[in-house]
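# with the input below, show me the fold.
(2 chains)
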There are 2 protein chains.
Amino acid sequence: MNTEELIQAVQAARHAAGQLALLTAEEKDALLQSFHDKLLEKREFLLEANRKDREKAKEYGLSEAMTERLTLTERRIEEIAEGAAQLIRLPDPCGRTLDRRTLPNGLQILRTTVPFGVIAMIYESRPNVTADAAALCLKSGNACVLRGGKEAHFTNAAMTEILHEVLREAGVEEAAVTSILDPDRRLVNELLTLRGLIDLAIPRGGAGLIRFVVEMSTVPVIETGSGVCHTYVDKAADLAKALPIVINAKTQRPSVCNAMETLLIHQDIAENWIPVLFAALREKGVELRGDERVRAIMPDVNPAEESDWSTEYGALILSVAVVDSLEAAIAHIRKYSTGHSECIVSEDREAIRTFMNQIDAACVYANASTRFTDGFEFGFGAEIGISTQKLHVRGPVGLEPLVTYKYKIFGNGQIRE
Amino acid sequence: MNTEELIQAVQAARHAAGQLALLTAEEKDALLQSFHDKLLEKREFLLEANRKDREKAKEYGLSEAMTERLTLTERRIEEIAEGAAQLIRLPDPCGRTLDRRTLPNGLQILRTTVPFGVIAMIYESRPNVTADAAALCLKSGNACVLRGGKEAHFTNAAMTEILHEVLREAGVEEAAVTSILDPDRRLVNELLTLRGLIDLAIPRGGAGLIRFVVEMSTVPVIETGSGVCHTYVDKAADLAKALPIVINAKTQRPSVCNAMETLLIHQDIAENWIPVLFAALREKGVELRGDERVRAIMPDVNPAEESDWSTEYGALILSVAVVDSLEAAIAHIRKYSTGHSECIVSEDREAIRTFMNQIDAACVYANASTRFTDGFEFGFGAEIGISTQKLHVRGPVGLEPLVTYKYKIFGNGQIRE
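Numbering: from 1, shown residues only, chains lettered A, B, ... in the order given. Next comes the predicted model:
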């Protein structure tokens, strides 16, 4: 695929976006229902394509974990289909009137939600993203340009074929879902600089991919970032709450971005509580790394290096520091936070208020596990990732941020004096 | 100023942002009142600094128009002060609860508006932007890093001195308003890539500056774009409304982005109306450029080149085409629109509905001049520019888009199962 062909493909997606934007909620939901049904119907077709990708996995030198991510099973296909069906139950994000005003001269101004137009999704080897992204874009009336990893080439091609069948049967232009299957990396660079043709780019994947997209792109990006999440246990904490919160935040699913990486403990409770807590964490298989004050209490704990405080382990490792005060905890978090999810455990309402106001993060918790930062947990019914930037959407990204708005202004001859 | 000094300056702004975010609405309004008063009090000091810049204007080879923009007068200083005072009357954009939900497990989730943190403003030679930007950032609780053009160096330095005095007297860290006065262009490049230190960059100026910022920046940008605005006069138009709308959209202030650049006329009304309309436009000094069908009716009109359809003249020039139908008008606008402001003049409600739905622009008008696309006209009480991107804010940018939000989550020991 050369540059001209890429531009033609994106222009076709743009043309299809015009058609998608005019579909009713019922028509969009019918597309999702048809996609759901066809995914189940064409299970064998998808599994066969996926087998081809897995045969190539060794050739590409994929790790076991990456091959695992790439793998489709009957069960996973059902889950993907279920994901599309769940979107049917959500309200249409388009066509909502956000506000309405009448100017003194009689002009009526309506602010109404509308699709972005063309959304580019850049992702890695998980083939379910192809289905998720397409379904979210269909529901929000956007055309999508999908660029997955070459490791999932055959699966992505098969998924795209199913989506095209869904669109064709409904009389919608197939370019509404456009997959860029040519593995040439230059195409991603070109895609991300098609200002005026691509309205929004969303990277989904590891920190490296996200950094690449943010640095390369000249089209607007929704950035989903990494999480170095902290929990601060205050001197006024109820330790019967603190213990399960800390264990849950670290161990319930350590590989995800809302898991805790650093624990801060007020000095007044450190000496008595740390031995109890550490025993419980070790029982769960957690490796502990402490600052000097922690190691004064527990000499067998390994020292935390400076780099530990800014590391997203994504594993059963926890760095722990003892702090003098609430203010010292806030200063530590301000220094090392990635702006994802931060928690205070305390029964002191004034301390909670101070923490909530002074911590600059997407989600600030009092007395709960940071693991709740999730679109489904928040009741959004969908999730693309957790935004750690502040423009347009912050925290869990559901369906709603996939629309923008326009002003519709109704007059009867008004001119400006 | 070397890289390290720039980073230190931005870190100081970031520290000050923490203090600003905690100010009450009353405290922020008191800062604005003090700024207003000091601007008037220190008129002479500002005029003297401005004289130094104007002396250098010839050395820099500034055009007369640019020197005019650079010039402060007593009257302009009063207007700038009045702008700051007007912000006092607007509600505080911070601390608003956008929504509130309680999860089945009892977790209470509040979504509350908060400042971005540090906003970088990159602009050209107008010294009033220094005051406007600082005032808007103070009202919205943001620290700002200001980078104006070297042509206004002395005026910007004097304005910053006044702002620092305002902050100092109120006990607010001076770095809340940080001006980068060193003219080295490398500093702008570095500023725009300080991810994690700068939360948002806003360019204010011509198309070249905006393109530069969008292409260079790795921090999120609010892009204010150019306007190739269209008016389509339908066959069902009331021509008694169409004539003043067209004349107003083109001639009331042709240099601004919401002025009309292209007029599309339905073929059924073209022959009779064009002579009347063109006579009225020529009386206002408008140079006309027409397609072949226009020139068949008015042979003395110069031909429009292909490039005319995508040119923002910013002057008393208008390109005119005759179209077959509403659909042809929509297709033309889709091809050449910059997504700013587009208008249909028609009494046919179905035609208006189709135009409103199918045109992808920040502001879509029926039967009114496009000149109304303006933050003050829309009743926002402030304006930074007109956003022609779709992320975060579209159309006139007032005070509200200068805040983001965070989730505050209150629990009593909830953990994830």
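
# check whether stretch A:311-323 contacts chain B.
No. Applying C-beta under 8 Å from any C-beta of the partner chain, one finds stretch A:311-323 out of contact with chain B, separated by at least 14.3 Å. Where C-beta positions appear, they are placed from N, C-alpha and C, glycine not excepted.

# so what's the residue in the stretch 251-400 of chain A positioned nearest to chain B up against?
Chain B sits closest to A:Ala368 of the stretch 251-400 of chain A, with a gap of 2.9 Å, by C-beta to the nearest C-beta. Neighbour list for A:Ala368: A:Ile245, A:Cys343, B:Leu107, B:Ile409, B:Phe410, B:Gly411, B:Asn412, B:Gly413, B:Gln414, B:Ile415 [criterion: C-beta atoms under 8 Å, 6 or more residues apart in numbering or on different chains].

# contact distance from chain B - what residues of the stretch 201-350 of chain A qualify?
The stretch 201-350 of chain A has residues A:214-215, A:218, A:220-223, A:238, A:240-241, A:244-245, A:247-249, A:252, A:334 near chain B, with proximity defined as C-beta under 8 Å from any C-beta.

# now, of those residues, which are buried?
Burial by neighbour count, judged by 16 or more other C-beta atoms under 10 Å in any protein chain shown, picks out A:214, A:218, A:220-223, A:238, A:241, A:245, A:247-249, A:252, A:334 from these.

# need those residues in CSV (columns: pLDDT and secondary structure).
Below are those laid out as CSV (pLDDT from 0 to 100; DSSP: H, G, I helix; E, B strand; the rest coil):
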residue, pLDDT, secondary structure
A:Val214, 92, helix
A:Thr218, 93, coil
A:Pro220, 93, coil
A:Val221, 94, strand
A:Ile222, 94, coil
A:Glu223, 89, coil
A:Asp238, 98, coil
A:Lys241, 98, helix
A:Ile245, 98, helix
A:Ile247, 98, helix
A:Asn248, 98, helix
A:Ala249, 98, helix
A:Gln252, 96, coil
A:Arg334, 94, helix
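
# specify which member of these is nearest to B:Asp374.
A:Pro220 (23.1 Å; C-beta to C-beta).

# once you drop chain neighbours, what's closest to the closest one?
Closest residue to A:Pro220 apart from its sequence neighbours, by C-beta to C-beta, 6 or more residues apart in numbering or on different chains: B:Leu391 at 4.0 Å.

# is it true that the one you found lies in a helix?
No. Per DSSP: H, G, I helix; E, B strand; the rest coil, B:Leu391 lies outside any helix segment and is coil.

# any figure for the gap between it and A:Pro396?
To A:Pro396, B:Leu391 is 17 Å away according to C-beta to C-beta, to the nearest Å.

# more crowded one of those two?
A:Pro396 (26 against 22; other C-beta atoms under 10 Å in any protein chain shown).

# identify the residues contacting that one.
By C-beta under 8 Å, 6+ apart, the neighbours of A:Pro396 are A:Thr373, A:Asp374, A:Gly375, A:Glu377, A:Phe378, A:Phe380, A:Glu383, A:Ile386, A:Ser387.

# which of those fall within strands?
Judged by DSSP state E, strands contain the following of these: A:Ile386, A:Ser387.

# can you say which two of the contacts of A:Pro396 are spatially most distant?
Maximum distance among these (C-beta to C-beta): 15.5 Å, for A:Glu377 and A:Ser387.

# and the helix or strand of chain A with the lowest mean pLDDT, what other elements does it pack with?
Lowest on mean pLDDT, DSSP states H and E among the helices and strands of chain A sits helix A:64-70, with a mean of 86. Contacts defined by 3 or more C-beta pairs under 8 Å, 6 or more residues apart in numbering or on different chains; DSSP states H and E place helix A:64-70 against helix A:43-59.

# what's the helix it packs on in contact with?
By C-beta under 8 Å, 6+ apart, helix A:43-59 touches A:39, A:66-67, A:70-74, A:77, A:127, A:151-155, A:157-159, A:162.

# so how do I select the buried members of those residues in PyMOL?
Of the contacts of helix A:43-59, the buried ones can be selected in PyMOL as follows, counting by 16+ other C-beta under 10 Å:
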select buried, chain A and resi 39+66+67+70+71+72+77+127+151+152+153+154+155+157+158+159+162
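
# now, the contacts of helix A:43-59 that are in strands?
Per DSSP E, these never map to strands.

# coming back round to it: what about A:Glu377 and A:Ser387, which has more around it?
A:Ser387 (22 against 17).

# so what's the residue count around the closest residue to A:Leu40 other than its chain neighbours?
Taking C-beta to C-beta, 6+ apart as the measure, A:Leu40 lies nearest to A:Ala81, with 5.3 Å between them; neighbours along the chain are not counted. Number of residues near A:Ala81 (other C-beta under 10 Å) recorded here: 20.

# would you mind identifying the next helix or strand past the helix or strand where A:Ala81 lies?
In the assignment (DSSP states H and E), A:Ala81 maps to helix A:74-88. Downstream of helix A:74-88, the first helix or strand assigned by DSSP H and E is strand A:97-102.

# on that earlier part again, distance of the residue nearest to A:Leu40 relative to A:Asn357?
Distance from A:Ala81 to A:Asn357, by C-beta to C-beta: 44 Å.

# could you do A:Tyr405 as well?
In terms of C-beta to C-beta, A:Tyr405 sits 30 Å off from A:Asn357.

# cool, and A:Ile317?
30 Å.

# perfect, that will be all.
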